[in-house]
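*Asks:* would you be able to build a 3D model of this:
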Amino acid sequence: MFSGIIQALGKISRIDKREGGVRLAVHAVRLGMDDVAIGDSIAVNGVCLTVVTKTTSGFEADVSAETLRCTAGIDAIGEVNLEKALRLADRLGGHLVSGHVDGVGEVNVFRTLGESTLLRVRAPDELARYIARKGSITIQGVSLTVNDVNGPEFEVNLIPHTVAITTLKLLKPGSRVNLEVDLIARYVERMLGASH
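*Replies:* Residues are numbered from 1 along each chain as shown. From the prediction side, this is the model:
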């Protein structure tokens, strides 16, 4: 589990094709790898990956073709958001995040509004019912609060700190982003469906 509070920016520095997927080399010096072991989970742009090798500059992780098919931003060399898995004693600063991407959205608007930045995203139609005003959503691994919802489109306001320390600053209209809806919304739907 994760919190959606990005701990460091890293960089996918190499992608090696393998049968059934790829192996990523992630430069993660700023994340601090001293307490990371083989088998630990690290969220990369919101995608939970397993550390299979530690390197002097970071780690390597295997990614299946299926994960590549249903996510964005982990299939190319470039900057990524990083977060280590939570420990039970950690403070939950964002919301509970599994690192299992629910779908890929598309940025419609990314513009400065005074001190903040307006981000409007179109979610896949099947995810729209899970997105609620003042609810939580994860975009590229970043825990955010939904300010408005209009059908499959939703808006969040980004404070300058969030823009500065995450890859969200690189977004523009047309950018594809990993989305994970609030776990609670998923479980509520399941429980309500089971009672009918």
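
*Asks:* which parts of the helix ranked longest in the chain are buried?
*Replies:* Taking DSSP state H as the assignment, the helix of the chain that covers the most residues is helix 183-194. Applying a neighbour-count criterion of 16 or more other Cβ atoms under 10 Å, one finds 183, 185 buried in helix 183-194. For every residue, glycine as well, the C-beta is placed using N, CA and C.

*Asks:* what residues does that helix touch?
*Replies:* 96-98, 129-132, 135 (Cβ atoms under 8 Å, 6 or more residues apart in numbering).

*Asks:* list only buried entries from those residues.
*Replies:* Counted by 16+ other Cβ under 10 Å, these give 96-97, 130-131, 135 as buried.

*Asks:* export these to JSON lines and tack on pLDDT and secondary structure?
*Replies:* Formatted as JSON lines, the buried ones among the contacts of helix 183-194 follow (pLDDT from 0 to 100; DSSP: H, G, I helix; E, B strand; the rest coil):
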{"residue": "Leu96", "pLDDT": "83", "secondary structure": "coil"}
{"residue": "Val97", "pLDDT": "91", "secondary structure": "strand"}
{"residue": "Tyr130", "pLDDT": "93", "secondary structure": "helix"}
{"residue": "Ile131", "pLDDT": "95", "secondary structure": "coil"}
{"residue": "Gly135", "pLDDT": "92", "secondary structure": "coil"}
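
*Asks:* what domains does the record give for the chain?
*Replies:* 8-84, 103-194 (automatic domain parsing).

*Asks:* now those domains as TSV including distance to Phe2?
*Replies:* As requested, those are exported to TSV (distance: least, Cβ to Cβ, whole Å):
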stretch	distance to Phe2
domain 8-84	5
domain 103-194	7
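
*Asks:* of all those domains, which one comes closest to Asp90?
*Replies:* Evaluated with Cβ to Cβ, these place domain 8-84 nearest to Asp90, the distance being 9.2 Å.

*Asks:* any idea of the mean pLDDT in that closest one?
*Replies:* For domain 8-84, the mean pLDDT works out to 96.

*Asks:* who's the closest residue to His95 other than its chain neighbours bridged to?
*Replies:* Closest residue to His95 apart from its sequence neighbours, by Cβ to Cβ, 6 or more residues apart in numbering: Ser136 at 4.1 Å. Per DSSP bridges, the residues bridged to Ser136 are Thr145.

*Asks:* and the helices in the chain, which stretches?
*Replies:* 65-69, 160-165, 183-194.

*Asks:* put the alpha carbons of the last one into PDB.
*Replies:* Taking Å, rounded to 0.1, in the frame of the first residue of the first chain, the C-alpha atoms of helix 183-194 are listed here in PDB:
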ATOM      1  CA  LEU A 183     -10.500   2.100  -2.800                       C
ATOM      2  CA  ILE A 184     -13.400   2.900  -0.600                       C
ATOM      3  CA  ALA A 185     -15.600   3.700  -3.600                       C
ATOM      4  CA  ARG A 186     -14.700   0.300  -5.100                       C
ATOM      5  CA  TYR A 187     -15.700  -1.600  -1.900                       C
ATOM      6  CA  VAL A 188     -18.900   0.400  -1.400                       C
ATOM      7  CA  GLU A 189     -20.000  -0.500  -4.900                       C
ATOM      8  CA  ARG A 190     -19.200  -4.100  -4.400                       C
ATOM      9  CA  MET A 191     -21.000  -4.300  -1.100                       C
ATOM     10  CA  LEU A 192     -24.100  -2.600  -2.500                       C
ATOM     11  CA  GLY A 193     -24.100  -4.900  -5.500                       C
ATOM     12  CA  ALA A 194     -23.800  -7.900  -3.300                       C
END
